[in-house]
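> build the 3D model from these lines:
(2 chains)
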Protein chains: 2
Amino acid sequence: MTRADGDLLGSLAAVVGPQNVGADAASLRVHENDGSTLHPARPHAVVWPSTAEEVAAVVRTCAARGTPFVARGAGTGLSGGAMALEGGVVIALNRMNAILGIDAPNLRARVQPGVTNLSVSRAVAPLGLYYAPDPSSQAVCTVGGNVAHNSGGPHTLKHGVTVNHVLGLQLVLPDGDLVELGGAERPGYDLLALLCGSEGTLGIVTAITVRLLRRPAGVRTLLAAFETPQQASLAVAEVIASGTVPAALEMMDSVVVEALTAAFGFTFPEGAGALLLLEADGPLPGLDEEADALAATCRRCGALSVRLATDETERAEVWKARKRAFGALGRIARNYYTQDGVIPRTRLPEMLQRVADIGASAGLRIANVFHAGDGNLHPCILFDDRDADQRRAVLAAGAEILRACVDLGGSLSGEHGVGVEKREAMARLFTPSDLAAMAALRAAFDPAGLCNPGKILPTGGGCVEVPPRHRQAAL
Amino acid sequence: MTRADGDLLGSLAAVVGPQNVGADAASLRVHENDGSTLHPARPHAVVWPSTAEEVAAVVRTCAARGTPFVARGAGTGLSGGAMALEGGVVIALNRMNAILGIDAPNLRARVQPGVTNLSVSRAVAPLGLYYAPDPSSQAVCTVGGNVAHNSGGPHTLKHGVTVNHVLGLQLVLPDGDLVELGGAERPGYDLLALLCGSEGTLGIVTAITVRLLRRPAGVRTLLAAFETPQQASLAVAEVIASGTVPAALEMMDSVVVEALTAAFGFTFPEGAGALLLLEADGPLPGLDEEADALAATCRRCGALSVRLATDETERAEVWKARKRAFGALGRIARNYYTQDGVIPRTRLPEMLQRVADIGASAGLRIANVFHAGDGNLHPCILFDDRDADQRRAVLAAGAEILRACVDLGGSLSGEHGVGVEKREAMARLFTPSDLAAMAALRAAFDPAGLCNPGKILPTGGGCVEVPPRHRQAAL
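Now for the predicted structure:
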């Protein structure tokens, strides 16, 4: 440990107590990766603050020394957003996991950033309420991380993403100032919307006021099996064109059908090459009619079978096919790499064909599990990570899939964020002027470039000039 | 005309043609006020560009000379947002009023900023679609102005405000750069959400991609009369607590009842002291049940009568009571000043009492017409503008109403914007740190301070210190 490190650790310990500073090899190692394991980077120290004031004091300590800092929740991110690329301090928010208050009449709750997504819904369930954004990792991921990524989930189609459910934020700015941001209810610039999805680069959220929804009186869930993804895509298009907004509209392809059958003994009709999960929720009057209409649409588009779940047990069974899809892939491949792209919904059949072509020409199998209603694809490229050639082919195929999304008028990330993974690809989606506006905005919040450096904006290629101060991290 | 003015006019004429530059007294006079007439300011020139490129060239011309510039739509704003407070150039966008394209399958349209709100819905009506945000001025106000104010309307409760219906923006930055902003579908900072509600201070919007909704299969509208606003407030609370989200939930008080009766011969039950307009929309199955449930709630809360409209003619009749409310006030008072504040919905009865008390102690009548479901109040203070004492009393009472909103945990503007009118009041709602973050953000876009100067942020009292580095940011 250098003398500079010692100074840093001592300063941090003075803020949060020595027991809440980690600089041993084990502490650092568990913070050098996220859910992707693609962009490992080891921090110099980890701190576990307990209050907003401690977070602010840690940030002021780092700012005074020119030390980079990165906020981290559960570390389930898939794009390297919580990696300490330039070293420095990881501010782990896991201990700030309290639900601070529930205001049922006004349908809102105040929570700390380290609280897990699912525990918010659990806490308010006795009141008949829930928190709508439901990423697949919701049992583990934190609300603070959801704000950073503006996370969605299977129910985004009807209920929106995180920004639609956040009413207020308490935030430590990169200079250590503590501010309170409100949303549409408050006049002035909507900094709250700006913060949602900013991947921890504009400050560190220390409290969140979330909107709660009343649990719908009824839910109807359907699982339809089709021969081809084209038929399932047609059903998606017809449902959307009908003006109905289902609570969920999720699609899985033949590779997933094979995996689910192999891993868990699911049975589907002979020849099933695509599954569509559809869900309707709302007041009971009209709900069965809505479910019937969804089933009729599936049949009209050639569904081999349509299974309707009307109670919680049947519903859980149907959702298993969706929720276990990723796990099932483990039965037919050693590894998989999940991409995250967006296309206009009407280009779905075309895009699925392109994904298939990309897989075929690379000699790779690609499974598709995705939010069809949102046009948000998650192609999973199956591979064996012991084979270096395959690893290279997988990354190339992933990049090609993203290029296809952009070509078709879509986007290179639906919900997993840009982070490190896609920062260079941003130059394909945005003009130099667009990126310069983003860089200027970021510099207004973080002129010293210490707050989660190296994320979101391209660093290479010279098309975006990042001032040298961003590259000169000091301890 | 000074020589500098001559240079300016010549430079502008070189961009848009001399016939599209106005500097005569009549042109300037019609651009020195908005809908409020509270903050008159005369520009040096008005230009009417026809394309985004012309807007960009006008902005570059102004930027090069250090001349302030202000975008203007229909001029229906109520907070002075389009006033050229420091003189300079008004960029009038009325000629950029084309609908550029309609993409029905993907439920979106691209429009120029000067198109009126209602004409978007009219253009897509043959396709069974509409544009949801519906400010009261929708026949006149422009989509560009709606973006600047993040406008809502009676249907905001269910369908959200402008930011929820804008998918992309083309924007001229204050340095004249033309950029394209995307929303949640695109990664990176959500500049689009930031732009919505920024009141023309971060750039000038030159094209807007709006989300279209499918027209609901059915609509049911109810008008309930109550003896007291407290009963009507109780009905609002019960409807919201039931988990139903009506398409509209609008309230009017006894002063409005009196005005409607006097002006248009409306008849209401004897003793009616509050009206509640409720609307349900959606698929036909379940719709009548939803309307019945709304009616039952009103009766349970003591409604004297509940009128249900089931066809378009009856519905138009019911809406007349709401849409003509402001006009009807003209029958019982020479002038009125409309305030715009927000409170948590649960504080509604308390707030109505405070408004009544403020009116009583100032010797002024105050009518209330408002979006009850959103907690967005519009107290209308009746007065005679020939009486200077009354004018002073009105402004004082308006300020007291806003203070009461903030005291009750609410906000000082729901939808009319901050503009000039409420800029000093911002210091009551936000801390110096909050305001400094907003000022730094604004300076990142507009370091020279030429883009609609004097709006949103407080100018007096010196309570907001902007660090010098923030003023040096360049885009």
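> give the contact list for the residue in the stretch 251-400 of chain A that chain B sits nearest to.
Nearest to chain B, among the residues of the stretch 251-400 of chain A, is A:Gly286, at 2.3 Å (C-beta to the nearest C-beta). For every residue, glycine as well, the C-beta is placed using N, CA and C. Under the criterion of C-beta atoms under 8 Å, 6 or more residues apart in numbering or on different chains, the neighbours of A:Gly286 are B:Gly282, B:Pro283, B:Leu284, B:Pro285, B:Gly286, B:Leu287, B:Glu289.
> nearest residue to the second one in space, please, no chain neighbours.
By the measure of C-beta to C-beta, 6 or more residues apart in numbering or on different chains, the closest residue to B:Pro283 outside its immediate chain neighbours is B:Ala217, 5.0 Å from it.
> what residues sit buried inside stretch A:7-15?
Buried positions in stretch A:7-15, judged by neighbour count with 16 or more other C-beta atoms under 10 Å in any protein chain shown: A:Leu8, A:Leu9, A:Ser11, A:Leu12, A:Ala13, A:Val15.
> now stretch A:335-348
Counting neighbours by 16+ other C-beta under 10 Å, stretch A:335-348 gives A:335-348 as buried.
> just flag the most distant two among those.
Within these, two members stand farthest from each other by C-beta to C-beta: A:Asn335 and A:Thr346, at 32.7 Å.
> tell me the secondary structure at the closest residue to A:Arg428 other than its chain neighbours.
For A:Arg428, the nearest residue in space outside its immediate sequence neighbours is A:Val406; the separation is 5.7 Å by C-beta to C-beta, 6+ apart. For A:Val406, the secondary-structure state derived from DSSP: H, G, I helix; E, B strand; the rest coil is helix.
> do A:Val140 as well
State at A:Val140, reduced to three classes by three-state DSSP: coil.
> can you tell me which residues contact A:Ser433?
Shown here is A:Ser433, whose contacts under the criterion C-beta under 8 Å, 6+ apart are B:Leu173, B:Asp177, B:Leu178, B:Val179.
> for A:Gly10, same thing?
Contacts here follow C-beta under 8 Å, 6+ apart; on that basis A:Gly10 touches nothing.
> that one - that's part of a helix, no?
Yes: secondary structure assignment (three-state DSSP) places A:Gly10 inside a helix.
> from B:Glu258, how far out is it?
Using C-beta to C-beta, to the nearest Å, A:Gly10 is found at 73 Å from B:Glu258.
> spell out which residues of the stretch 51-200 of chain A are next to chain B.
Counting by C-beta under 8 Å from any C-beta of the partner chain, the positions of the stretch 51-200 of chain A adjacent to chain B are A:105-107, A:128, A:150, A:161, A:163-164, A:173, A:177-182, A:184-191, A:193-194, A:196-198.
> helix, strand or coil: sort out whatever residue of the stretch 351-475 of chain A ends up closest to chain B for me.
Sorted by distance to chain B under C-beta to the nearest C-beta, the residues of the stretch 351-475 of chain A start with A:Ala444, at 3.5 Å. Classification of A:Ala444 into helix, strand or coil gives helix, according to three-state DSSP.
> before we move on, the earlier item: ok, the residue nearest to B:Pro283 - contacts?
Taking C-beta under 8 Å, 6+ apart as the contact definition, B:Ala217 lies against A:Gly243, B:Gly282, B:Pro283, B:Leu284, B:Leu287.
> make JSON lines from these and add neighbour count, distance to B:Val58 and pLDDT to it.
Putting the contacts of B:Ala217 into JSON lines (neighbours: other C-beta atoms under 10 Å in any protein chain shown; distance: C-beta to C-beta, whole Å; pLDDT from 0 to 100) gives the following:
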{"residue": "A:Gly243", "neighbour count": "16", "distance to B:Val58": "42", "pLDDT": "78"}
{"residue": "B:Gly282", "neighbour count": "22", "distance to B:Val58": "45", "pLDDT": "89"}
{"residue": "B:Pro283", "neighbour count": "17", "distance to B:Val58": "48", "pLDDT": "87"}
{"residue": "B:Leu284", "neighbour count": "11", "distance to B:Val58": "51", "pLDDT": "90"}
{"residue": "B:Leu287", "neighbour count": "20", "distance to B:Val58": "50", "pLDDT": "93"}
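> please name the bridge partners of A:Ile381.
A:Ile381 has the following beta-bridge partners by DSSP bridges: A:Tyr337, A:Ile366.
> pretty sure it is touching A:Tyr336, no?
Yes: A:Ile381 is in contact with A:Tyr336 according to C-beta atoms under 8 Å; the separation is 6.3 Å.
> quick one: which of the contacts of B:Ala217 sit in helices?
B:Leu287 (DSSP state H).
> centre of the chain to stretch A:422-436, how far?
20 Å (C-alpha atoms, centre = their mean, to the nearest Å).
> can you show me the strands along the stretch 351-475 of chain A?
Across the stretch 351-475 of chain A, reading from the start of the chain, the strands by DSSP state E, counting those that start in this stretch fall at A:366-371, A:376-377, A:379-383.
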